[in-house]
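**Student:** here are the coordinates; sequence isn't available:
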């Protein structure tokens, strides 16, 4: 229970990778506050599952996209924890895809950047006064930040921006012993990818072949990397993009 006594915030923690991260951090001893945008039932199910295993978790409703959303999230966090401060911040909430250049609209561009870049930046801004020294900030990026995929270029651009935010936050917060890193998943079997991946043998075979390890990533694979960075063993890693693609597109 290496995170015993720690408080963690996981945005987008009700499903997929975010849920796996919330469950893993709670398993390791942290009290987890997970935010969700729409799916109240999934958030409550995640919390119930954590509590049933002896963990500590709270769900707060906190959608992203509008100005002031990050501030409202922190207000909800403070209310839920009694202003306990925070040790681990995981910026996981995000929009998982975008259109290609020919069909991308300015509205879609603004939306994906608002959720994937603006929200993590202002979540980090709110975290600064709440983070305890030697805390952790972990941003969930994507392997597409290093791989050209023009069919989702706006999404890829948001993850490149997020990685740059990681670099600057690491420099800014380092004097307090706070580490800041990005974790970059590849193709992971989540609801975001279900429409084109699950049940499609050709897609499943292609996705598995993209990885040097010959299989499709699972949410627990990403949660394990986050847990390492969140724990004491990750204390000397900061300002890095940790590739968690299973060796994809090598």
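**Tutor:** Received it, and whenever you're ready, just let me know what you need. Predicted model, so just to flag it, every value in this text is computed and none were measured. Numbering: from 1, shown residues only.
**Student:** quick one: average confidence on stretch 78-98?
**Tutor:** Average pLDDT, stretch 78-98: 96.
**Student:** now the lowest-mean-pLDDT helix or strand in the chain, how far from the centre of its chain.
**Tutor:** Every helix and strand of the chain was ranked by mean pLDDT, DSSP states H and E. The lowest is helix 191-197, at a mean of 83. Its chain's C-alpha centre and that of helix 191-197 lie 18 Å apart, by CA atoms, centre = their mean, to the nearest Å.
**Student:** flag every buried residue along it.
**Tutor:** Across helix 191-197, burial judged by 16 or more other CB atoms under 10 Å covers 192-193, 197. In this view, the C-beta of every residue, glycine as well, is placed from N, C-alpha and C.
**Student:** residues making contact with the lengthiest helix in the chain?
**Tutor:** Assignment by DSSP state H gives helix 153-173 as the longest helix of the chain. Residues outside helix 153-173 that contact it (CB atoms under 8 Å, 6 or more residues apart in numbering): 91, 94-101, 104, 108-109, 112-113, 116-117, 120-121, 124, 128, 131, 137, 139, 141-142, 144-145, 147-149, 179-182, 184, 238-241.
**Student:** so how do I select the buried members of these in PyMOL?
**Tutor:** A single PyMOL command selects the buried members of the contacts of helix 153-173 (16+ other CB under 10 Å):
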select buried, resi 91+94+95+96+98+99+104+112+113+116+117+120+121+124+131+137+139+141+142+144+145+179+180+181+182+184+238+239+240+241
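**Student:** among the contacts of helix 153-173, which ones are in helices?
**Tutor:** If you go by DSSP H, these have 108-109, 112-113, 120-121, 124, 128 in helices.
**Student:** max pairwise distance over the residues you listed: which two?
**Tutor:** Farthest-apart pair in these is 108 and 128; separation 30.5 Å (CB to CB).
**Student:** quick revisit: so which of the contacts of helix 153-173 sit within strands?
**Tutor:** Assigned to strands by DSSP state E, the following of these qualify: 91, 131, 137, 139, 179-182, 184, 241.
**Student:** for those residues, which one is nearest residue 248?
**Tutor:** Residue 248 lies nearest to residue 184 out of the ones in strands among the contacts of helix 153-173, by CB to CB, at 9.8 Å.
**Student:** look at the closest one and report its pLDDT.
**Tutor:** Looking at residue 184, its pLDDT is 98.
**Student:** can you list the ones in helices among the contacts of helix 153-173 in a markdown table and add pLDDT?
**Tutor:** Output for these, formatted as a markdown table (pLDDT from 0 to 100):
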| residue | pLDDT |
| --- | --- |
| 108 | 97 |
| 109 | 97 |
| 112 | 97 |
| 113 | 98 |
| 120 | 98 |
| 121 | 98 |
| 124 | 98 |
| 128 | 98 |
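**Student:** circling back: which one of the buried residues of helix 191-197 sits closest to residue 16?
**Tutor:** Out of those, the member with the shortest distance to residue 16 (by CB to CB) is residue 192, at 6.4 Å.
**Student:** how far away is the closest one from residue 93?
**Tutor:** Residue 192 sits 12 Å away from residue 93 when distances are taken as CB to CB, to the nearest Å.
**Student:** now residue 70
**Tutor:** 10 Å.
**Student:** need phi/psi at the spatially most central residue of the chain.
**Tutor:** Among the residues of the chain, residue 92 comes closest to the average C-alpha position under CA atoms, centre = their mean, at 2.0 Å. Here is the backbone geometry of residue 92 (degrees, to the nearest 10): phi -110, psi -30.
**Student:** looks like it contacts residue 14 (just checking).
**Tutor:** No - using CB atoms under 8 Å, residue 92 makes no contact with residue 14, being 10.3 Å away.
**Student:** rewinding a little: hmm, who's touching the least confident helix or strand of the chain?
**Tutor:** Outside helix 191-197, the residues that touch it by CB under 8 Å, 6+ apart are 15-16, 96-97, 187, 189, 203-204, 207, 216.
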